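Q: I would like the atomic coordinates for the input below:
(2 chains)
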Amino acid sequence: MARTTVYSERLLRRATLLLALVTLASGIQRANAQDDDSNPGGGKFSPDAVATFNKRCSACHTYGKGIKVGPDLKGVTERRKREWLLRFIHGSSGVIKSGDPTATALFAQFKQQRMPDWTDLSEKQINDILDYLAGGGPDIKPLDERNADLATRAEIETGRQLFYGQTRLKHDVQPCATCHSVQGSGLRGGSLGPNLSSVYFKYQDTALTSFLRHPCFQWDSSATSYLIAKESFALKAFLRQVALQQPTNTAKAAGRPEGGSNR
Amino acid sequence: MKPNFLFAAWPYMALALFCLGIAVRYLLSRKQMAAVEAELTDAWAVFGGSKLWCISLVLLLLGHLVGLVFPRGILLWNGSTIRLYLLEGFAFTVGVVALVSWAALMWRHLERSSDSAAAEFADTVFLALLFVGLVSGLLMAVLYRWGSSWGAMTLTPYAVSLLRANPTTGFVMQMPFLVRLHIFSWFAAVAVVPLTRLAAFIVLALHRCFGLIGRPVIAVGRAAEAWMQRHDPAARIWPEED
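A: Reported below is the predicted structural model:
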């Protein structure tokens, strides 16, 4: 009886130790996973700058589409000095009154219509807008809209890790492999949802981008956070890579301009 | 039968049938608790089974309960592949043990004879529903891997919506047939319980609960009666009647 008790205690201790080791090992695996906190839009500008630009500037200015009420803002950060732009946006009437030749010329060119004085905008806010314009402005495509042909090897690898949950998705969304498999995923992929091996060529780049923006499941209807653009693009790139490895899809891809993964 | 009925109305109907059935059985047998106690022996003979049967059933119920109450905890645990394999492997083993124990129980159940054909029929239906639940659960584990993860994302919100009396059937309707069968069989088993011998356990437990709750009420009543006799408040309220 006593021997049985001792044996049970040993067994229990070993089981506890094993469980602790498993927990520790998976903790280390998690800690190694890289955190992704990039801009949701994928660019290097403040999201507020886009909102401010749309609210304050786009009514009178275009970006690369010619004169509207005021001048086209494409290339404005190259045409004018940053200091001058800061002063002019903050208080155009003051700059015109001071007799600044550029401001006076613009005033005359645009039928003496003066831009409102955006005195409520801070220097940082104006600089953010100018950075946004310098980086491409409204021409900037969200990162996830980039064609998956352009993905680098690192991005494809990130997509693979995100797919299998080896790297945590930013908003704690469950990895695709919970419900889906791809060719070569073995037991790691789930089998509730369809196999995604050929999904890239089935939907093509644009439709897949749009699809990845909508969550498969939501905890509640108010949940808005899903994949960030960088994750979405990496997953798309990984799915393209998997699709290319399918013999039937290789032929399909051969007819299209191949971007190559290192471009 | 429309899926909306199966997953929006049927769970509530099953629960209502359970409550109504138990209430009727309690009211019919509350004066004959000795007979109910005698019925327990029969119930144990039908449903008792081996220790493994009891343990596996309790573990399965607890596992489902944990998944429903702590879905985020389950998802966090499953975040590691090793832990996911461990959980799913353990749950599958428990399910297989429960199914084998169920077969042994059913074999014994078929061999024995009973006085009441109605109770026999109800017990068999209940055991059959348990079988459907177990087999569909095991097949789900094989055909639709990692149910502990996707279940926490889809079935838990459905269960929560049921508790909030605002069933969101969209989650369940998209599920494969086996998953829907698993859920339906569980509610059907709940609805059938009052007709089985298993209800004797619940009736007796209710009787004892009422007895325990009733004790303080009776004690207070008796204390009030004794106080009234000692102090006779009537004489103070209506002194002229003395």
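Q: for burial, what's the neighbour tally of the residue of chain B found nearest chain A?
A: Using CB to the nearest CB, the closest approach of chain B to chain A is made by residue B:80 at 3.1 Å. In this view, the C-beta of every residue, glycine as well, is placed from N, C-alpha and C. A count of nearby residues for residue B:80, using other CB atoms under 10 Å in any protein chain shown, gives 20.
Q: so which residues of chain A form strands?
A: Taking DSSP state E as the test, none of chain A falls into strands.
Q: for residue B:152, which non-adjacent residue is spatially closest?
A: Counting by CB to CB, 6 or more residues apart in numbering or on different chains, residue B:71 is the residue found nearest to residue B:152 once chain neighbours are left out, at 3.8 Å.
Q: helices and strands around the longest helix out of those in chain B, which ones?
A: Assignment by DSSP state H gives helix B:199-231 as the longest helix of chain B. For helix B:199-231, the packing partners by 3 or more CB pairs under 8 Å, 6 or more residues apart in numbering or on different chains; DSSP states H and E come out as helix B:10-29, helix B:33-47.
Q: picking that back up, hmm, the residue nearest to residue B:152 is touching residue B:154, no?
A: No - with contact defined as CB atoms under 8 Å, residue B:71 does not reach residue B:154; the gap is 9.9 Å.
Q: hang on, the earlier thing: lowest mean pLDDT across the helices and strands packed on helix B:199-231, which one is that?
A: Across the helices and strands packed on helix B:199-231, helix B:33-47 has the smallest mean pLDDT, namely a mean of 81.
Q: output the below-cut-off pLDDT ranges for the stretch 151-263 of chain A.
A: A:217-225, A:248-263 (pLDDT under 70).
Q: what do you get for chain B?
A: B:1-3, B:114-115, B:239-242.
Q: which residues of it lie near chain A?
A: Within reach of chain A by CB under 8 Å from any CB of the partner chain, chain B has these residues: B:75, B:78-83, B:86, B:143-147, B:149-150, B:153-154, B:157, B:171, B:176.
Q: one step back: ramachandran coordinates for the residue of chain B closest to chain A?
A: Per-residue torsions, residue B:80: phi -100, psi 130 (degrees, to the nearest 10).
Q: nearest residue to the middle of chain B?
A: The centroid of chain B falls nearest to residue B:190 when counting by CA atoms, centre = their mean (5.9 Å).
Q: quick one on the thing from earlier: the residues of chain B next to chain A, buried ones only, as a ChimeraX selection?
A: Command for ChimeraX that selects the buried part of the residues of chain B next to chain A, burial taken from 16 or more other CB atoms under 10 Å in any protein chain shown:
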select /B:75,78,79,80,81,83,86,144,145,146,147,149,150,153,154,157,171
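Q: okay, and which of the residues of chain B next to chain A map to helices?
A: Per DSSP H, these map to helices at B:75, B:78, B:81-83, B:86, B:143, B:147, B:149-150, B:153-154, B:157, B:171.
Q: now the two most distant members of those residues.
A: Based on CB to CB, the longest span within these runs between B:82 and B:171 and measures 28.4 Å.
Q: quick one: contacts for residue A:197?
A: A:181-183, A:242-243, A:246 (CB atoms under 8 Å, 6 or more residues apart in numbering or on different chains).
Q: kind regards, and thank you for your time.
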